[in-house]
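**Q** A predicted structure for the sequence below; I have some questions about it.
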There are 2 protein chains.
Amino acid sequence: MRLGVLGGGQLGWMLALEAKRMGMSVFVLEEDTKAPACRVADRCFKKSELEIFKKTCDRITVEFEYLEEDILDYLEDKLFPDVSVLKLKKSRVMEKEFLSSRGYPVASFKKCKKHELLKALEGNLPAIIKTDSYGYDGRGQWKVKTIQDLKIESIPDVPLIVESLIDFEFEFSILGVRSQSGLKKTYPATINYHKDGILLYNHSIEEDFKEAKEIVLSLLEELNVVGLLSVEFFSKKTPIINELAPRPHNSAHFTLDGCFCSQFENLLRAIFDLPLGLSELKLPSGMVNIIGVVPDFRKILKLDWAKLYWYGKEPRPLRKLGHVNLVAKDYERLKDYINLTLGAIYESS
Amino acid sequence: MRLGVLGGGQLGWMLALEAKRMGMSVFVLEEDTKAPACRVADRCFKKSELEIFKKTCDRITVEFEYLEEDILDYLEDKLFPDVSVLKLKKSRVMEKEFLSSRGYPVASFKKCKKHELLKALEGNLPAIIKTDSYGYDGRGQWKVKTIQDLKIESIPDVPLIVESLIDFEFEFSILGVRSQSGLKKTYPATINYHKDGILLYNHSIEEDFKEAKEIVLSLLEELNVVGLLSVEFFSKKTPIINELAPRPHNSAHFTLDGCFCSQFENLLRAIFDLPLGLSELKLPSGMVNIIGVVPDFRKILKLDWAKLYWYGKEPRPLRKLGHVNLVAKDYERLKDYINLTLGAIYESS
């Protein structure tokens, strides 16, 4: 089986490692030959080699949504998930319009242009302004509590969306997977903790989140997803969907060590139409991201239960450079493990 | 950190996958560029490139003991474990002489040449005749219960060892690891089941095997091992050592999914003098080898808890082509998982 991956980042890198374990060949479409996935792929192709890339692969998937539409269209017959799912993800407005039109719970929102911003905020404060496209890891987002908070000069003149700010208890994610023959499963929910708009750490939780899981299963079906769908929720009395991602997701990295079958393996099983793997937890699990710092690895590895993933990327502020997966015999220990790991990474030596 | 691996087989392949996860670069010395480890290494070197291979690597380890001594000697200052440990392993007689001279429990043995065989067997039956060198996976071994069993023409004219056959209850393995600064640990014992002299499957067990673990810790120290030492025991009233292997071992593949830190990661930690990882079980675990057959992968993956490792080697009778790791919430389930996996691999479809 010959897997093609669009994008060479850490998601593609972990997908490649899992694919290689199962005996697959891996081909990556990526301009930067030093990207993580290129260092483990059988071959890395540039966009100029798109035709031969397509010929080389049996099935192709994505690790990054923001790809040129003509590339997605050209690869369509080998591409999972479907181009329509990927296109939806390119616009927050389209995503929200789809969700609300089908009756899924989302925050109220308004699309607008920069010059319409003041009007759009009227009566909708506190709110969050987001760019319609290319928003991830906290990029292109501005919280506005009162009209005085608005620093209009820092907002680009691009299509925008204004969402009313949800007063939630916590944020949680549920990952779903659906195979070509329509088998589907959800992973255990994780509670997510952010810093500067970027996921800092997350962990599994004993609660079941049945209602949210039903939403994920229904979305998998309705969007006809073949592959993964990560859904981020705000926890209110009923869960509210924050956003979707039709690909492997940072909030499910814990599945590599904490679950019987990882998100990456289940993506492979889904797109090659194999039976799906068990998404259950082996034991309570969590993950801590290494963001913007090169830690003292010895300090991390001294935590003898810590499982280090280091992506080999050039360090830059706010860049995800690696993560540590944690598995513990009980939830009390898991909490300690997370705190000790945060300390080992972020407390200056 | 730049890792060198002598040998490109599946042990080197799994070591490379674990090293890559931790952000290391991997270089393999192997003539066959299609070998499993070469397909995931940053670069594969031939013996003719030994000098540049050595220069490229920070530390070097082995996945195969039977290497030319001049190569081991040339690499000595970067090589772990020490050349002396590797040389010991090249001769069963030397291994047994070392063990018995230090008071470790081994079967009684005699070294002999082919023409001395009848005399060596006298009064020592039932026995097992083994070639002094290159014996693994049941190669170079002949069981002799009565003198009539001896098919002298099938035995090569090479140095031999005659060992008295031990009437044991079961065979078990314990893997030890020791770091450059002398930290050491053992892994949980596994019970091993063979077919045609090759490990077919194994699994963890609730019993602790304290006496055998003490032997492994003592051997790690006495041999000054930096890296892994797998010790195979026959279970009698007191355990008897069958053989040693100073490298990753098939009987510890289960550690990749069943333990907090795998044998491969702990080998890396040991040779790079990092703190050792937790060798404890997450949950009851086992492994089934895929030997000589290309199974129907769909049948294996239908077992949704099965974790497939496929080495990508040319199929040949009696060749280890892959394995399936199993983790279960309890020992009863683990037993079922092993039987179902054996069925999925070996029962003709």
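**A** Ah, there it is. Numbers count the residues shown, from 1 in each chain, chains lettered A, B, ... in the order given.

**Q** After the helix or strand hosting residue A:162, which helix or strand is next? Please name it.
**A** According to DSSP states H and E, residue A:162 maps onto strand A:160-164. Counting by DSSP H and E, the element after strand A:160-164 in chain order, helix or strand, is strand A:171-178.

**Q** That next one and chain B in contact?
**A** No - Strand A:171-178 stays clear of chain B (Cβ under 8 Å from any Cβ of the partner chain), getting no nearer than 11.8 Å. In short, each C-beta sits where N, CA and C put it, glycine included.

**Q** Quick one: mean pLDDT over that strand.
**A** Taken as a whole, strand A:171-178 has a mean pLDDT of 98.

**Q** Ok, stretch A:268-276 next?
**A** The average pLDDT for stretch A:268-276 rounds to 97.

**Q** Okay, buried residues for it please.
**A** Buried residues in stretch A:268-276, defined by neighbour count with 16 or more other Cβ atoms under 10 Å in any protein chain shown: A:268, A:269, A:270, A:271, A:272, A:274, A:275, A:276.

**Q** tell me, which of these make contact with chain B?
**A** Applying Cβ under 8 Å from any Cβ to these, one finds that A:269, A:274, A:275, A:276 fall near chain B.

**Q** Contact partners for the closest residue to the first one other than its chain neighbours?
**A** Think residue A:269. Spatial nearest neighbour of residue A:269, chain neighbours left out: residue A:276 (5.4 Å); criterion: Cβ to Cβ, 6 or more residues apart in numbering or on different chains. Shown in contact with residue A:276 (Cβ atoms under 8 Å, 6 or more residues apart in numbering or on different chains): A:177, A:179, A:183, A:184, A:185, A:261, A:266, A:269, A:270, B:304.

**Q** that older thread, what's the strand holding residue A:162 packed up against?
**A** The contact analysis (3 or more Cβ pairs under 8 Å, 6 or more residues apart in numbering or on different chains; DSSP states H and E) places strand A:160-164 against helix A:92-101, strand A:109-112, helix A:117-121, strand A:127-131.

**Q** Check which strands are paired with the second one and give the direction for each one.
**A** So that's strand A:109-112. Paired neighbours of strand A:109-112 in the sheet (DSSP bridges): strand A:160-164 (antiparallel).

**Q** circling back: among the buried residues of stretch A:268-276, which ones are in helices?
**A** Using DSSP state H, A:268, A:269, A:270, A:271 are the members of the buried residues of stretch A:268-276 that sit in helices.

**Q** Mind listing the residues bridging to residue A:175?
**A** Counting by DSSP bridges, residue A:175 is bridged to residue A:230.

**Q** how close does residue A:202 get to residue A:196?
**A** Residue A:202 is 16 Å from residue A:196, where distance means Cβ to Cβ, to the nearest Å.

**Q** whoops, I mixed them up, residue A:294
**A** In terms of Cβ to Cβ, residue A:294 sits 18 Å off from residue A:196.

**Q** got a list of contacts for the helix or strand where residue A:242 lies?
**A** Assessed by DSSP H and E, residue A:242 sits inside strand A:240-245. Residues outside strand A:240-245 that contact it (Cβ under 8 Å, 6+ apart): A:65, A:88-89, A:92, A:95, A:99, A:104-107, A:166, A:168, A:171, A:215, A:219, A:229-234.

**Q** ok, back up a step: give me the contact list for the strand holding residue A:162.
**A** A:92-93, A:96, A:107-114, A:117, A:120-121, A:124, A:126-132.

**Q** most surrounded residue in the contacts of residue A:276?
**A** Among the contacts of residue A:276, residue A:266 has the most neighbours (other Cβ atoms under 10 Å in any protein chain shown), with 30 neighbours.

**Q** Next, that one: secondary structure please.
**A** The three-state label given to residue A:266 by DSSP: H, G, I helix; E, B strand; the rest coil is helix.
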